[in-house]
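S.K.: For reference, the sequence and a predicted model appear below.
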Amino acid sequence: MRRTWLAIALALAAATLVAVPSASASRYIQHGIFDDAQINYGDPDKVFPQLKQLNTQLIRVNLVWGGPNGVSKRKPVNPTNPNDPAYDWSVYDAMVKQSADNKIKPVFSILWTPSWAGPAKNMAPRRTIDLRNFAFAAAKRYSGSFHPVPDAPALPAVRLWMAWNEPNNPVFLKPQFTKISRHKYRLASPRIYAGMCNAIMSGVHLTGLAGEKVACGATAPRGNNTGTQPRASVSPLIFLRGLKRAHARFDVYAHHPYYQHPNESPRKPPPGPRAITLGNINELLRELTRLYGNKHLWITEYGYQTNPPDRNFGVSWTKQATYLSQAYGIARANPRIDMMIWFLIRDEARIGNGWQSGLYTATGRRKPSWQAFRRMPK
């Protein structure tokens with residue numbers, strides 16, 4: 001009898017060794033870079049070898065619907081046809097080809113309303129069907145089987161999509177609140193954005209392609225929750241609750257859990273109750289569970305600026321590398337975080353108005369964070 005129980009115990013122990021450590025040690029998370037200036041508009045012969053050398057798995061790219069660099073310069077006659085003459089996809093065609101050649105997957109974030117579709121680029125289109133049609137045309141063009149001209153090779157596939165950027169921030173979506181009386185304001189942006197999220201979700205999935213995922217949210221890390229501020233904004237948890245009330249639908253939620261002060265490490269909770277950073281990311285996940293079940297999370301923008309050159313908001317070069325490794329460790333340990341995107345690959349030249357969170361300086365010098373990023377487990 002003793003030998004029987006010993007055999008059972010040994011068998012159970014062996015099963016545990018097979019099941020548990022291997023699962024925790026190999027938890028899959030994809031990491032990447034977001035830097036439109038370099039990836040879309042820089043020198044592809046220079047930036048893609050850098051991305052490959054960094055072992056980059058993903059690149060996030062703003063797929064601009066309207067505005068000066070927009071795909072849709074005028075109203076298309078047949079908006080669901082990717083080859084409608086109103087569309088100019090040339091920047092993105094070149095980018096997806098370079099990505100495929102380097103085995104990097106793009107994440108397309110549809111952004112900015114054309115002047116023919118709405119009153120301003122950071123306002124919702126007058127008709128959400130226009131946004132849905134554009135999302136469908138984009139997903140069809142990058143389906144992996146679309147030939148831009150007869151006898152030309154099919155364009156590479158894109159399966160990962162995002163709806164807009166930081167819609168709880170008035171820089172990207174207005175209005176955040178609507179005035180209902182002299183001193184009263186009503187929350188507006190979650191309801192407005194829910195319609196945009198659903199339009200992009202519907203448009204992408206109308207292709208019927210396997211493996212497509214659409215992320216909504218991409219929320220900024222904090223908000224003031226008042227319409228009386230010059231820059232009125234909505235905090236992430238309140239915004240998420242508003243999305244649920246407005247019946248927003250998505251495959252995965254996205255968030256940007258930036259720090260607020262240079263003395264905040266990735267593990268440190270934010271100083272105020274209105275912010276969601278990596279230090280309290282589980283608060284967002286708990287609310288996501290309560291409202292939407294076991295949806296997963298993408299971190300589609302994150303970074304630490306360095307000093308030099310930013311003396312006000314930057315950390316030391318060494319600390320940036322340390323914090324990068326810590327941040328990815330936090331994400332990798334969480335089974336519901338599937339993606340983490342670093343912003344930027346290269347510092348922007350403008351100090352103050354620009355960002356200096358690059359793995360390279362503006363002049364091309366590698367920071368210690370370059371090596372930290374390169375060593376991320378794949």
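M.R.: Received the coordinates, thanks.
S.K.: For the stretch 201-350 of the chain, which segments are assigned as strands?
M.R.: Here the stretch 201-350 of the chain has its strands, by DSSP state E, counting those that start in this stretch, at 213-219, 252-255, 296-302, 337-342.
S.K.: Find the residue closest to G144 in space, skipping its chain neighbours.
M.R.: A157 (3.0 Å; Cβ to Cβ, 6 or more residues apart in numbering). All C-beta spots, glycine's among them, are computed from the backbone N, C-alpha and C.
S.K.: same check, this time on L284
M.R.: Distance criterion Cβ to Cβ, 6+ apart; nearest residue to L284, sequence neighbours excluded, is I276 at 4.7 Å.
S.K.: okay, and for the stretch 51-200 of the chain, where does confidence drop off?
M.R.: The stretch 51-200 of the chain contains no residues with pLDDT under 70.
S.K.: Mind doing that once more with 90?
M.R.: 68, 73, 179-184 (pLDDT under 90).
S.K.: show me where it has helices.
M.R.: Shown for the stretch 51-200 of the chain, the helices assigned by DSSP state H, counting those that start in this stretch span residues 90-101, 128-141, 189-205.
S.K.: now swap in the stretch 251-378 of the chain and tell me
M.R.: Applying DSSP H, counting those that start in this stretch to the stretch 251-378 of the chain gives helices spanning 281-292, 317-333, 368-374.
S.K.: ok, now how distant is Q326 from S265?
M.R.: 7 Å (Cβ to Cβ, to the nearest Å).
S.K.: which one is the residue sitting nearest the centre point of the chain nearest to, not counting chain neighbours?
M.R.: Geometric centre of the chain, nearest residue: T300, 2.6 Å, by Cα atoms, centre = their mean. Closest residue to T300 apart from its sequence neighbours, by Cβ to Cβ, 6+ apart: A254 at 4.5 Å.
S.K.: Show me the beta-bridge partners of the one you found.
M.R.: Note on A254: beta-bridge partners by DSSP bridges are G217, W298.
S.K.: Who are the contact partners of it?
M.R.: Contact partners of A254, counting by Cβ atoms under 8 Å, 6 or more residues apart in numbering, are 162, 215-219, 297-300.
S.K.: How many residues are close by the closest residue to N81 other than its chain neighbours?
M.R.: Nearest non-adjacent residue to N81, counting by Cβ to Cβ, 6+ apart: A137, 6.6 Å away. Residues contacting A137 under the criterion other Cβ atoms under 10 Å number 24.
S.K.: Also the one 5 residues further on?
M.R.: Residues contacting Y142 under the criterion other Cβ under 10 Å number 26.
S.K.: just F373 next, same as before
M.R.: Residues near F373, counting by other Cβ under 10 Å: 22.
S.K.: Roughly how far does it sit from A94?
M.R.: F373 is 24 Å from A94, by Cβ to Cβ.
S.K.: Tell me how far F48 lies from I33.
M.R.: 11 Å.
S.K.: Same drill for those two, tell me which one is more crowded.
M.R.: More crowded of F48 and I33, by other Cβ under 10 Å: I33, with 26 against 21.
S.K.: Excluding covalently adjacent residues, which one is nearest to the more buried one?
M.R.: What sits nearest to I33 in space, not counting adjacent residues and going by Cβ to Cβ, 6+ apart, is I345, at 5.0 Å.
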